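Enquirer: sequence isn't available, so here's the structure alone:
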């Protein structure tokens, strides 16, 4: 019978909440052989059968994502089946794993569901770099816990509209991923000093190189990998800068030169990282906050003004043919002078370059 075929189709679905149907000739009749209606009412996510996870391992990650989006609780037997089959998640297509993580990142807050992934055994197959941090301790603080806490603090900053920053969903995905993995280099750089102090020297540099493998595994674009690399490589930089008084124009210029369009996301990540650190004084936290606000304001101004006053063509037209490296150096020096407020028009920039050439003649 038709109903029998429908029920047979439902038995191949992933969760009971998805295993419902209505006959087109009788819209008042609900076909619900697996109790999906009751599970929806009770906000419970229940597998149709364990076979569903064997047929498509991505359904295990989908359970976590649906739990987040719908606010449903995953039923205990379903959890147990996911734990049992969790290693199979590595067989799921990387593009679909990335899509599930992207959809999860759009749920606020999403940070509790990375704890859930770890509890279910899925995280090691999806973000092994993050999972490996469990048990790595710094100043009495588990680095895995700190990484999740950083994501939590970041989500709070985004939700409260900190510094009137607006970041689209694609940027938020990379930023939240960056918050999770900013300390992954600590797993391999842990060193105990003679006095017992634990240090992770170079974890930012190692973490940056690890982003290539993570990006390859999740099939991220080259541009997205570059963003992740910048976030991980420079996440300590604002904290370092916050210990100095007034920053020079040159230091600010260098910061924006290195971070480019990722400057504001990096500032948010770094401040969230500091908020998530237990051993930080209120004074240092306030310094970091003020620096973050100042640089975000500078970044907004930077976005409104031209990046440079001159091009290489301008220099050739005005001063004749010069070696490529020389033109590049002159442009860089002119950009720095522009950033420092020493020049503000094209004519002033040309005069500046002319003086440089005359001095070297």
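Expert: Looks like it arrived, so ask away. Because the structure is a prediction, the values reported are computed rather than measured.
Enquirer: just give the nearest non-adjacent residue to residue 336, would you?
Expert: residue 253 (5.8 Å; C-beta to C-beta, 6 or more residues apart in numbering). Backbone N, C-alpha and C define where each C-beta goes, glycine included.
Enquirer: after the helix or strand hosting the one you found comes which helix or strand?
Expert: For residue 253, the enclosing helix or strand under DSSP states H and E is helix 249-259. As assigned by DSSP H and E, the chain's next helix or strand after helix 249-259 is helix 263-275.
Enquirer: picking that back up, give the burial count for the residue nearest to residue 336, as a bare number.
Expert: Counted with other C-beta atoms under 10 Å, the neighbours of residue 253 add up to 19.
Enquirer: just residue 162 next, same as before
Expert: Using other C-beta under 10 Å, residue 162 has 18 other residues around it.
Enquirer: quick one: contacts for it?
Expert: Residues near residue 162 by C-beta atoms under 8 Å, 6 or more residues apart in numbering: 268, 271.
Enquirer: so how far is residue 182 from it?
Expert: In this view, residue 162 and residue 182 are 18 Å apart by C-beta to C-beta, to the nearest Å.
Enquirer: same check, this time on residue 159
Expert: Residue 159 is 20 Å from residue 182, by C-beta to C-beta.
Enquirer: neighbour count winner among those two?
Expert: residue 182 (28 against 10).
Enquirer: the more buried one is in contact with residue 149, isn't it?
Expert: No - assessed by C-beta atoms under 8 Å, residue 182 is found out of contact with residue 149, at 11.7 Å.
Enquirer: low-confidence bits of the protein, can you list those?
Expert: Across the chain, the ranges flagged by pLDDT under 70 are 1-4, 6, 302-307, 361.
Enquirer: now do the strands in it.
Expert: For the chain, strands defined by DSSP state E occupy the ranges 44-45, 73-74, 137-138, 141-142, 191-192, 198-199.
Enquirer: show me what the biggest helix by length in the chain is packed against.
Expert: If you go by DSSP state H, the chain has its longest helix at helix 282-304. Applying 3 or more C-beta pairs under 8 Å, 6 or more residues apart in numbering; DSSP states H and E, one finds that helix 282-304 contacts helix 237-241, helix 249-259, helix 263-275.
Enquirer: residue 175 is nearest to which of those helices?
Expert: helix 263-275 (4.6 Å; C-beta to C-beta).
Enquirer: circling back to that earlier point, want to throw the strands of the chain into CSV with mean neighbour count and distance to residue 279?
Expert: CSV is the format used below for these (neighbours: other C-beta atoms under 10 Å; distance: least, C-beta to C-beta, whole Å):
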stretch, mean neighbour count, distance to residue 279
strand 44-45, 22, 39
strand 73-74, 18, 35
strand 137-138, 17, 9
strand 141-142, 15, 8
strand 191-192, 10, 17
strand 198-199, 14, 12
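Enquirer: would CSV of those strands with distance to residue 272 be doable?
Expert: Shown next, in CSV, are the strands of the chain (distance: least, C-beta to C-beta, whole Å):
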stretch, distance to residue 272
strand 44-45, 30
strand 73-74, 28
strand 137-138, 17
strand 141-142, 15
strand 191-192, 26
strand 198-199, 22
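Enquirer: out of those, which gets nearest to residue 109?
Expert: Closest to residue 109 of those, according to C-beta to C-beta: strand 73-74, at 16.2 Å.
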